[in-house]
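A.B. asks: coordinates for the following, if possible.
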Amino acid sequence: MDIHRAGSRPTGRANLAYFTGTVWQDPIIESPPPARAVALRVAFEPGARTNWHTHPFGQTIHVLSGVGRAQVWGGPVREIRPGDTVWFAAGEKHWHGAAPDSQMVHLAIQEALDGRTADWLEPVSEADYDGRPQDGVD
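C.D. replies: Model (predicted):
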């Protein structure tokens, strides 16, 4: 058993090559092999977002606070709120982040393939980000 005490691992600024705006990450777990689970608490300042990206085994995000946006390639921008859980299928091109006027914090849970949890692509255009969001509920 490993216990990581609260505050024992520093909050880090997300890699600027993969995000627009200010994003902070707190590690939750990077499980040792043969397990593949990786989880982070991710805090997006208003207007901040990921680049387009995919995950080899898919990704779950669970919104903890604030108002966010998410979109899959070719689909509408969707609004997400606290308590919402979003599943992105393996290889599904998508992005997620905060709304223009609200911060958003979510848990991000994914599995690693050969140490890689994501394939990072191009930044989200302002036109895509500014698309009128639809209610996130299916």
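
A.B. asks: where does the prediction get shaky in the chain?
C.D. replies: Across the chain, the ranges flagged by pLDDT under 70 are 135-138.

A.B. asks: how many residues are close by the closest residue to residue 129 other than its chain neighbours?
C.D. replies: Spatial nearest neighbour of residue 129, excluding adjacent residues (CB to CB, 6 or more residues apart in numbering): residue 49 at 6.4 Å. From N, CA and C alone the C-beta is placed, and that goes for glycine too. If you count neighbours by other CB atoms under 10 Å, residue 49 ends up with 24.

A.B. asks: ok, what's across the strand from residue 49?
C.D. replies: Bridge pairing for residue 49 (DSSP bridges) gives the partners residue 20, residue 97.

A.B. asks: is it in contact with residue 130, as I believe?
C.D. replies: No. With contact defined as CB atoms under 8 Å, residue 49 does not count as touching residue 130 (11.3 Å).
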